[in-house]
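Q: sequence and predicted model, in that order:
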Amino acid sequence: SQKIEQNSEALNIQEGKTATLTCNYTNYSPAYLQWYRQDPGRGPVFLLLIRENEKEKRKERLKVTFDTTLKQSLFHITASQPADSATYLCALTQAAGNKLTFGGGTRVLVKP
Amino acid sequence: NAGVTQTPKFQVLKTGQSMTLQCAQDMNHNSMYWYRQDPGMGLRLIYYSASEGTTDKGEVPNGYNVSRLNKREFSLRLESAAPSQTSVYFCASSDSLSGEQFFGPGTRLTVL
């Protein structure tokens, strides 16, 4: 069966360090992979989209990698700040025009 | 632009009661979605509408119905609420099925 796995354990990290989150998938050949941020009591907010033919994407302090051989995406927050504390969700789609499927999310807590 | 709006924000129902959750978007998006989010379960797709005039079942459609009233509005109806439907419900929209999604603020529903 198809699975998208994110670490369900919270990631505690010191301010200024780099947070790295993983998104592993099985029985998928995703065309696109997206990352979202969700704050408590709010809806998810889109952050980044990476295509299967792209190895890396950056946006400000965020970096996403996509390894279709390992079936894995890594999401990095560099120089993390307490304001980065949130739950981060990955989502993927098999092909252009197909709907997204979301992973369970990983909670990040950045301590000052 | 208001983005995606949902009403109500909170609702308490008794088992067997019915209600409709309303969702509207002002971004001229083609696709709209209803998700539920439960602790430890991530976002699960209930129903979606790829374009005006079409609706399709998602991962967990049982006990729900939807109506794509026009391009802006997509409602979710619980005909006979059950305690298992206690959850946070999110509506989302996107330009295409595989594109970035914009989420509403959510409806917190409790069924007693």
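A: Received, thanks.

Q: hey, what's A:Asn12 bridged with?
A: Using DSSP bridges, the bridge partners assigned to A:Asn12 are A:Leu109.

Q: so it touches A:Lys111, yeah?
A: Yes. With contact defined as CB atoms under 8 Å, A:Asn12 reaches A:Lys111; the gap is 6.5 Å. Glycine gets a C-beta too; all of them are placed from N, C-alpha and C.

Q: residues contacting the spatially most central residue of chain B?
A: When CA atoms, centre = their mean is applied to chain B, the residue found nearest the centroid is B:Trp34 (2.9 Å). By CB atoms under 8 Å, 6 or more residues apart in numbering or on different chains, B:Trp34 lies in contact with B:21, B:23, B:45-48, B:58, B:64, B:66, B:74, B:76, B:89-91.

Q: CSV please, covering those and showing secondary structure and pLDDT.
A: Formatted as CSV, the contacts of B:Trp34 follow (DSSP: H, G, I helix; E, B strand; the rest coil; pLDDT from 0 to 100):
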residue, secondary structure, pLDDT
B:Leu21, strand, 98
B:Cys23, strand, 98
B:Leu45, strand, 95
B:Ile46, strand, 97
B:Tyr47, strand, 97
B:Tyr48, strand, 96
B:Gly58, coil, 94
B:Tyr64, strand, 98
B:Val66, strand, 98
B:Phe74, strand, 98
B:Leu76, strand, 98
B:Tyr89, strand, 98
B:Phe90, strand, 98
B:Cys91, strand, 98
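
Q: ok, back up a step: which element is the residue nearest to the centre of chain B on?
A: If you go by DSSP states H and E, B:Trp34 is part of strand B:31-38.

Q: give me the residue from chain B nearest chain A.
A: Nearest residue of chain B to chain A: B:Phe103, at 3.0 Å (CB to the nearest CB).

Q: not counting its neighbours along the chain, what's nearest that residue?
A: In this structure, B:Phe103 finds its nearest non-sequential neighbour in A:Gly43, 3.0 Å apart by CB to CB, 6 or more residues apart in numbering or on different chains.

Q: hmm, back to that, which parts of the strand holding B:Trp34 are buried?
A: Using 16 or more other CB atoms under 10 Å in any protein chain shown as the test for burial, strand B:31-38 gives B:31-37.

Q: one more: stretch B:92-112?
A: Going by neighbour count (16+ other CB under 10 Å), the buried part of stretch B:92-112 is B:92-94, B:96-107, B:109, B:111.

Q: where along chain A do the helices fall?
A: For chain A, applying DSSP state H gives no helices.

Q: what sits against the residue in it that chain B sits nearest to?
A: Nearest residue of chain A to chain B: A:Gly43, at 3.0 Å (CB to the nearest CB). A:Gly43 is in contact with B:4, B:90, B:92, B:103-106, counting by CB under 8 Å, 6+ apart.

Q: show me which residues of chain B sit near chain A.
A: For chain B, the contact set with chain A under CB under 8 Å from any CB of the partner chain comprises B:4, B:31, B:33, B:35, B:40-43, B:45, B:48, B:50, B:58, B:90, B:92, B:96-98, B:100-106.

Q: lovely, talk soon.
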